[in-house]
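Trainee: fold the stuff below for me.
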Amino acid sequence: MKIVYLSSSGQLGGAENVLVDLLAALLEGRHARELHLVVPEEGPLAARARSLGVSTTALEFPRPLARLGDAGAGGPAGFCVSRAALAARLLSAGAGALAYALRLRRVLRDLAPDVVHANGFKMQVLGTWACPPGVPLVWHVHDYASCRPVTARLLRRAARRCAAAVANSRSVAEDVLKVVGGRTPVRCVYNAVDLERFTPEGAGLDLDALSGLEPAEAGTVRVGLVATLARWKGHRTFLKALSLLPPASRVRGYVVGGALYQTDGSQHAPDDLRRMAAELGVADRVGFTGFVGDAAGAVRALDVVVHCSTAPEPFGLVIAEAMACGRAVVVSRAGGAVEIITPGHDAFDHPPGDAGALAARIARLAADPHLRASLGRAARRAAVHRFNRARLAAEWAEIYRGLQASGCGSEIRRGHPSTFAVRN
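Mentor: This is a model prediction of the structure:
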C-alpha cells in the first residue's frame, strides 16, 4: 500500500510530531509498501521524515494562504480576529488556494497513492479538491473546527468527498460530528509517543542557560509550561499561578517553546510574555527558553510539567510526553486532555484558567518530593500502556486497509464516538 501524507505545516508542532510518530510506527510495523510526505515548506518536518526513510515533496504555500487562519474568529481562546480582517485575508488567499490545489492535484496524480492522509485543516480542504478520483482521502483531525467559522463551513461542504475522519480524542470526534453531521464516518484514535526517546532516564537540558539565568540554587523545584506560544495555551494563567506561590515554595518557572506557525494573530510574541511576567512580579522567577528541539531533554529537566490551556485541549501531546518521562503533571481539566489521565493517580488536574487552583497544585507538589515521584511512576506505567506506537500503527493500518478495500471508508463505523473501536 502506498500512502501519501499532506501536512499543513513544515514545522514541528504537536500535529506534526504526531505525524512523525505515525510514520515511524507504520515503518517499524511494516504496515505499508511506501510512504510519501507533501509539505508546504522545507523545514524540520521534512528533515525528520527523510531521516525515517520517507520521501518528501515540498510544494510551497503562497504567502497569503500560509498566513490565513480563523482560530481567533469566534473561538474560546481569549482573543479575536475581526470578521472584516478575516474576509480580507480570504479574498487575498482564495485565488492562490485554487492554484495551489491544481498543483497539488498534479503531484498526487504523479505519485499515484492508494490512500491520501491529510494532516491539518488547510490540507484537509485542499486535499478534497486535489485528491484523484477513486483514491480514498482520510482527514486526521487534531483540533476543534466548530469554533472556526470559515474552517467549519469549508469542512462541512467538503465532507462528502472525504472517506473518513479520524480524531485524536473522543472530544474532537464529537466536534467533528457536530461540523460534518452524517456526511462522513468518524473514528477516534489516540496519539502515541516515542517511548524510547521519552523516558525517565537520560540527560536533561540546562534550562537556566537556555533562558539566560543564573543557575538555580540547590533544592529549587523546576516547574515548566512546555508549549508553543499559541494564545490559548495558558501562559498568563501559568505566570499568574507562579505569582501566587508562597515565597517558601522555592519554585522556578520556565516557559519552554517558541512561535512556530505563520498564521496571523494566533500566537504571543516572546517580548509580550516577558512584559507579562514583569507586570505580575515574577520576572526574576521565570525563564524563557525559546524553541527547544530536544523536547524530551526539556521535560526531564523539570520536576513538574504544567499544562494550563484555557480552551479545551484536543489531546495534549505534551501531557503524554511528560507522563512517558515519569514526571508529575498538572493538567487543565477540559477536552481530550481529561481522557488520557486518571486524576490523583497518574496526574493532577485543575479548572481551566484558574490560576489559584493551579498554584495550589504546584505548591503541593513542590513541597512533597515523594508525591512527585509516586505520580511520575504511575504516569510512566500509564504512558507505556496507552501511548505505545505499536497500538497506533495497528489502528491506523486497520483504517487504511478498510479504506483501500471499500474505496469509500465504509469499514469505519458511523455514529456516536462512544461506539467507536478505541483501544486505550
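Trainee: how much space separates Thr199 from Asp206?
Mentor: Separation of Thr199 from Asp206 (CB to CB, to the nearest Å) stands at 19 Å. The C-beta positions use only the backbone N, C-alpha and C, and glycine is treated the same way.
Trainee: those two: who's more crowded?
Mentor: Comparing Thr199 with Asp206 by neighbour count (other CB atoms under 10 Å), the higher total belongs to Thr199, at 16 against 13.
Trainee: contacts only, for that one.
Mentor: For Thr199, the contacting residues are 296, 324-326, by CB atoms under 8 Å, 6 or more residues apart in numbering.
Trainee: any low-confidence regions in the protein?
Mentor: Low-confidence segments of the chain, defined by pLDDT under 70, are located at 69-94, 260-266, 407-424.
Trainee: any idea whether the most far-flung residue of it relative to its centre is helix, strand or coil?
Mentor: Within the chain, Ala248 marks the point farthest from the mean C-alpha position, 34.9 Å out by CA atoms, centre = their mean. Three-state assignment for Ala248 (DSSP: H, G, I helix; E, B strand; the rest coil): helix.
Trainee: list the buried residues in stretch 148-156.
Mentor: Within stretch 148-156, the residues that qualify as buried by neighbour count (16 or more other CB atoms under 10 Å) are 148, 150-152, 154-156.
Trainee: just the endpoints, please. Distance across stretch 305-312?
Mentor: The first and final residues of stretch 305-312 sit 18 Å from each other (CA to CA, to the nearest Å).
Trainee: what is the nearest of the contacts of Thr199 to Trp396?
Mentor: Nearest to Trp396, judged by CB to CB, of those is Ala324 at 19.6 Å.
Trainee: burial count for the closest one?
Mentor: For Ala324, the neighbour count with other CB under 10 Å is 27.
Trainee: which residues does it contact?
Mentor: Contacts for Ala324 were tallied using CB under 8 Å, 6+ apart; they are 193, 195, 198-199, 379-380, 383-384, 387.
Trainee: ok, His140 - contacts?
Mentor: Applying CB under 8 Å, 6+ apart to His140 gives the contacts 15, 18-19, 117-119, 166, 168.
Trainee: and if we set it to 10 Å?
Mentor: When contacts are counted by CB atoms under 10 Å, 6 or more residues apart in numbering, His140 touches 5-7, 15, 18-19, 22, 117-120, 123-124, 164-168, 189, 396, 399.
Trainee: confirm that it sits in a strand.
Mentor: Yes. With three-state DSSP as the criterion, His140 is part of a strand.
Trainee: tell me what it is bridged to.
Mentor: Per DSSP bridges, residues listed as beta-bridge partners of His140: Asn119, Val166.
Trainee: tell me, how many residues neighbour the residue nearest to Leu273 when sequence neighbours are not counted?
Mentor: Spatial nearest neighbour of Leu273, chain neighbours left out: His235 (5.6 Å); criterion: CB to CB, 6 or more residues apart in numbering. Residues within reach of His235, counting by other CB under 10 Å, total 23.
Trainee: from Asp208, how far off is His235?
Mentor: Counting by CB to CB, the gap from His235 to Asp208 is 19 Å.
Trainee: just the strands in this protein please.
Mentor: Under the criterion DSSP state E, the chain carries strands at the ranges 2-7, 34-39, 55-58, 115-119, 137-141, 164-167, 186-188, 221-226, 251-256, 286-290, 304-306, 328-332, 348-350.
Trainee: okay if I get the ones you listed as CSV plus distance to Lys178?
Mentor: Below are these laid out as CSV (distance: least, CB to CB, whole Å):
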stretch, distance to Lys178
strand 2-7, 24
strand 34-39, 29
strand 55-58, 34
strand 115-119, 19
strand 137-141, 12
strand 164-167, 11
strand 186-188, 10
strand 221-226, 29
strand 251-256, 33
strand 286-290, 37
strand 304-306, 30
strand 328-332, 21
strand 348-350, 25
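Trainee: what's the closest of these to Gly316?
Mentor: Judged by CB to CB, the one of these that comes nearest to Gly316 is strand 328-332, at 6.9 Å.
Trainee: now that closest one and strand 221-226, what's the angle there?
Mentor: 40 degrees (axes from the mean of the first three to the mean of the last three CA atoms, to 10 degrees).
Trainee: parallel or antiparallel, which strands does strand 328-332 pair with?
Mentor: As defined by DSSP bridges, the strand partners of strand 328-332 come to strand 304-306 (parallel), strand 348-350 (parallel).
Trainee: surely His268 touches Phe238?
Mentor: No. At 11.7 Å, His268 and Phe238 do not qualify as touching, with contact defined as CB atoms under 10 Å.
Trainee: neighbour-wise, which of the two wins?
Mentor: Between His268 and Phe238, counting by other CB under 10 Å, Phe238 is the more crowded of the two (30 against 18).
Trainee: hmm, the more buried one is touching Asp354, no?
Mentor: No. If you go by CB under 10 Å, Phe238 and Asp354 don't touch, sitting 11.7 Å apart.
Trainee: which residues do the two both contact?
Mentor: Between them, Phe238 and Asp354 share the contacting residues Cys308, judged by CB under 10 Å, 6+ apart.
Trainee: ranges for the helices of the stretch 201-350 of the chain?
Mentor: With DSSP state H, counting those that start in this stretch as the criterion, the stretch 201-350 of the chain has helices at 207-211, 235-244, 270-279, 295-300, 317-324.
Trainee: closest to Leu375 out of those?
Mentor: helix 317-324 (9.3 Å).
Trainee: pick the most buried one from the strands paired with strand 328-332.
Mentor: For the strands paired with strand 328-332, ranked by mean neighbour count under the definition mean count of other CB atoms under 10 Å, the leader is strand 304-306 at a mean of 27.
Trainee: starting at the chain centroid, how far to it?
Mentor: What separates the centre of strand 304-306 from the centre of its chain is 17 Å, taken as CA atoms, centre = their mean, to the nearest Å.
Trainee: want to try a markdown table for the contacts of Thr199, with distance to Pro215 as columns?
Mentor: Compiled in a markdown table, these are given as follows (distance: CB to CB, whole Å):
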| residue | distance to Pro215 |
| --- | --- |
| Ala296 | 22 |
| Ala324 | 27 |
| Cys325 | 22 |
| Gly326 | 24 |
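Trainee: which of those tops the neighbour count?
Mentor: The most crowded member of the contacts of Thr199, judged by other CB under 10 Å, is Cys325 (30 neighbours).
Trainee: quick one: contacts for the closest residue to it other than its chain neighbours?
Mentor: Spatial nearest neighbour of Cys325, excluding adjacent residues (CB to CB, 6+ apart): Val299 at 4.6 Å. Val299 sits next to 198, 200, 202, 204-205, 224, 226, 256, 292, 305, 318, 321-327, 329 when contact means CB under 10 Å, 6+ apart.
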